[in-house]
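Peer 1: Predicted model, plus sequence, below.
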Amino acid sequence: MNSELVILILVIVTALAFDFTNGFHDTGNAMATSIATGALQPKTAVTVSALLNLVGAFLSVEVALTVTNAVIKIQNPDGSPKAEFTADHGRALLIIVMAGLIGGIIWNLLTWLLGLPSSSSHALFGGMIGAALVSGAGVVWIGHGKLDGVIGKVIMPALFSPVIAGIVAAVGTFAIFRIVAGVAVRFTEAGFRWGQIGSASLVSLAHGTNDAQKTMGVITLALIGYSAGTPDSTGFFAWHDTQAVPLWVKVACAVAIAAGTYLGGWRIIRTLGKGLVEISSPQGMAAESSSATIILASSHLGFALSTTHVATGSILGSGVGKPGGRVRWNVALRMVSAWVITLPAAGLFGALMWVIAAKIPTLAGPLVAFAILCGLAGYMYLRAQQQKVDHTNVNADWEGEPDPAAPSADTIARSEAWKL
């Protein structure tokens with residue numbers, strides 16, 4: 001087994017691990033509001049979401065092609081494109097992809113530990129861009145068309161999608177409450193809970209069409225790197241004109257993201273469902289309908305947008321649109337802060353992993369980088385178990401959480417005993 005094949009296997013395993021973290025990190029985008037309002041029981045919600053993610057992953061490859069063709073380019077030191085894509089270039093591409101994936105996974109796990117619904121998509125792109133820049137490879141900031149490249153396909157959707165989603169959800173929520181004014185609450189809640197189930201299911205389907213595609217594109221990019229310098233490099237995979245994603249890649253990515261979704265990112269579900277807005281069923285349906293529409297439209301156009309940004313913008317909009325609704329702006333500010341630093345933070349992780357993977361000779365570099373990933377993932381998992389959030393307490397009262405600065409129950413008891 002040659003070293004390039006070992007690196008390819010490491011890249012595929014790391015890519016599927018990223019896909020898995022993407023699944024549990026983003027479950028809340030579809031199901032947080034349905035769980036919060038009681039439209040679906042927590043375990044039922046993640047099961048439905050996982051199945052629809054699995055189906056959605058097979059419906060489109062436009063976003064996968066964006067990842068494959070519109071992020072990284074191999075170039076000469078002066079910035080001109082390489083005339084030939086050799087085996088050395090292929091190995092460099094494999095290490096860039098692996099380092100970028102590790103950067104994305106580390107950021108995903110860190111934000112999951114903190115309960116922050118940041119963008120898995122931007123973590124992936126940030127990691128890959130950071131690794132590409134430090135390696136000397138180029139980044140396709142602006143492609144041949146106005147909406148190509150990282151600027152058009154990633155950054156522009158990141159800026160506009162949450163705003164559009166928020167406006168649509170706010171208008172929809174306001175209209176819903178005006179229409180049902182005077183109708184008994186028990187009737188509106190019951191009816192809209194059924195509507196939530198339908199709209200949340202559509203978001204799950206849409207999530208599969210967008211987020212699962214990104215890992216498909218990454219694995220296809222790795223296969224392009226592995227095929228460099230062989231007869232397949234101009235036939236089976238063409239470097240600048242990839243029009244196909246192998247079936248086994250589609251199946252593997254679909255299963256990985258569905259498995260992660262079923263696991264349930266309960267910490268993030270809790271933040272979205274309980275921490276941002278005290279949401280009702282009409283708000284939930286408006287938010288989910290807004291999210292589904294925007295995600296499906298972007299998947300059709302090949303925009304690799306953040307489903308987290310869209311879902312969060314929709315939930316915020318539903319809070320603003322409800323007469324007398326309440327938004328916890330301090331929680332929203334924490335989320336936006338995480339959004340702003342996701343690309344550069346994941347980029348730094350990706351750059352660091354490239355230095356480790358590329359500068360340590362032979363296979364040792366990629367193996368060390370992979371071992372670091374496993375160690376950090378294990379550490380963050382163990383930290384999360386110290387204050388566990390799962391389906392049993394995901395809907396606990398947000399305001400009832402203990403204040404870390406407040407005295408403990410034991411301290412209060414000792415104080416009362418002293419007074420006596």
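Peer 2: The structure has been received and is ready for your questions.

Peer 1: Identify the residues contacting stretch 387-394?
Peer 2: With contacts defined as C-beta atoms under 8 Å, 6 or more residues apart in numbering, stretch 387-394 is touched by 35, 42-43, 46, 115, 264, 266-267, 269-270, 273-274. Using the backbone N, CA and C atoms, a C-beta is placed for each residue, glycine as well.

Peer 1: Now list the buried members of these.
Peer 2: Burial of those was assessed by neighbour count (16 or more other C-beta atoms under 10 Å); the buried members are 35, 42, 46, 115, 264, 266-267, 269-270, 273-274.

Peer 1: got the residues you listed as TSV, with distance to residue 127 and pLDDT columns?
Peer 2: Below are those laid out as TSV (distance: C-beta to C-beta, whole Å; pLDDT from 0 to 100):
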residue	distance to residue 127	pLDDT
35	30	91
42	31	92
46	26	93
115	21	89
264	24	79
266	25	92
267	21	91
269	24	92
270	26	91
273	28	87
274	30	88
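
Peer 1: Return the distance of the residue sitting nearest the centre point of the chain relative to residue 165.
Peer 2: Centroid-nearest residue in the chain: residue 120, 2.5 Å away (criterion: C-alpha atoms, centre = their mean). Distance of residue 120 to residue 165, computed by C-beta to C-beta, to the nearest Å: 17 Å.

Peer 1: got it, and residue 51?
Peer 2: The separation that residue 51 has from residue 165, given C-beta to C-beta, amounts to 24 Å.

Peer 1: Name the residue in the two with the higher neighbour count.
Peer 2: Legend: neighbour count by other C-beta atoms under 10 Å for residue 51 and residue 165, higher for residue 165 (26 against 17).

Peer 1: and that one, how far is that from residue 222?
Peer 2: For residue 165 relative to residue 222 (C-beta to C-beta), the value is 32 Å.

Peer 1: for residue 353, same thing?
Peer 2: With C-beta to C-beta as the criterion, residue 353 and residue 222 are 15 Å apart.

Peer 1: what about the two, which has more around it?
Peer 2: The neighbour comparison of residue 353 against residue 222 (other C-beta under 10 Å) goes to residue 353, with 32 against 27.

Peer 1: Let me know how buried the closest residue to the more buried one other than its chain neighbours is, in neighbour terms.
Peer 2: Leaving aside its chain neighbours, residue 353 sits nearest to residue 99 (3.9 Å; criterion: C-beta to C-beta, 6 or more residues apart in numbering). The tally of other residues near residue 99 (other C-beta under 10 Å) stands at 32.

Peer 1: Residue 99 contacts residue 126, correct?
Peer 2: No - checked against C-beta atoms under 8 Å, the pair residue 99 and residue 126 is beyond contact range at 11.6 Å.

Peer 1: and residue 244, how many neighbours does it have?
Peer 2: 14.

Peer 1: Repeat that for residue 344.
Peer 2: By the criterion of other C-beta under 10 Å, residue 344 has 13 neighbours.

Peer 1: Test my guess that residue 283 contacts residue 324.
Peer 2: No - the pair residue 283 / residue 324 is not scored as a contact, 11.8 Å apart, by C-beta under 8 Å.
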